[in-house]
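Undergrad: Structure for this input, please:
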Amino acid sequence: MKVILQEPVDRLGNVGDLVSVANGYARNYLIPTGLAIEANEGNVKYQKHHQRVLEKKRLRLQAKGEELKARIESISLDFERKVGEKGKLFGSVTNKDIADALLEKGIEVDRRKIDVPEPIKAVGSYVAVVAIQPGIAAEITVQVAGDQESQALLAEQEAAESESVPVEEAVAEVEDESPAEAVDEQEL
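TA: Numbering: from 1, shown residues only. Okay, here's the model as predicted:
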């Protein structure tokens, strides 16, 4: 018996496939469970029409997806956070933060569709991937900078480090000491 599959069936086919199966398998399992319909002339015409409608819908959705991808890739998100030593953030920039920033720019994206390859826990530039549809993904640039207070604090730390004695000079001073002087200093 020939049937048209309405759902994907393992080891048989996908939606819309015209397959030939045993009569009992079709009448007792596939048709009653709604996995297939009998392949008569009317059903074959309906299935062909339905496939064309689905294809047009898929193309329309793909065009919208490509447009959304272009809009997302044209945006760069800037975040300002409190920063600790060596540019490390207090906390991190999360998928929810990125989704909220996109929403402020007029683009609604589910936070679960945003993939950040590595946690954003330091100042710098990162790339996040937004899954729009199957086969369509947009890359968005995320810039993270410290707030004004943190920037001033980091500048002071860098200035203090640059004024300190470089490691090479400190090693040279230790090597110049005689072994007896080094022992005397260790006993104190």
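
Undergrad: Buried ones in the longest helix along the chain, by neighbour count?
TA: Taking DSSP state H as the criterion, the chain has its longest helix at helix 41-73. Residues of helix 41-73 classed as buried: 43, 47, 65, 68-69, 72 (neighbour count, 16 or more other Cβ atoms under 10 Å). The way it works is simple: take the backbone N, C-alpha and C, and place the C-beta from them, glycine included.

Undergrad: Now do it: which elements does it pack against?
TA: When contacts are defined as 3 or more Cβ pairs under 8 Å, 6 or more residues apart in numbering; DSSP states H and E, helix 41-73 packs onto strand 2-5, strand 124-133, strand 136-146.

Undergrad: Which SSE is immediately downstream of it?
TA: strand 76-81 (DSSP states H and E).

Undergrad: Name every strand pairing with that following strand and say which way it goes.
TA: Take DSSP bridges as the rule and strand 76-81 pairs in its sheet with strand 136-146 (parallel).

Undergrad: buried ones in the partner strand?
TA: 138, 140, 142, 144-146.

Undergrad: Which of those lies at the shortest distance from residue 124?
TA: Among these, residue 144 lies closest to residue 124 (Cβ to Cβ), at 6.1 Å.

Undergrad: now the closest one: how far from residue 77?
TA: Shown here: residue 144 relative to residue 77, a distance of 9 Å by Cβ to Cβ, to the nearest Å.

Undergrad: Report the beta-bridge partner residues of residue 37.
TA: Beta-bridge partners of residue 37, counted by DSSP bridges, are residue 4.

Undergrad: burial measure for it, as a count.
TA: Residue 37 is flanked by 18 other residues according to other Cβ atoms under 10 Å.

Undergrad: This structure - how does it break down into domains?
TA: Per the record, the chain has its domains at 2-69, 76-163, by automatic domain parsing.

Undergrad: Adding mean pLDDT as columns, could you present the ones you listed in JSON lines?
TA: Formatted as JSON lines, the domains of the chain follow (pLDDT from 0 to 100):
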{"stretch": "domain 2-69", "mean pLDDT": "90"}
{"stretch": "domain 76-163", "mean pLDDT": "85"}
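
Undergrad: Show me what the most centrally placed residue in the chain is bridged to.
TA: Note on the chain: the residue nearest the mean C-alpha position is residue 115, at 1.4 Å, using Cα atoms, centre = their mean. Residue 115 forms beta bridges with residue 129, as assigned by DSSP bridges.

Undergrad: I'd like the distance from it to residue 73, if you could.
TA: With Cβ to Cβ as the criterion, residue 115 and residue 73 are 15 Å apart.
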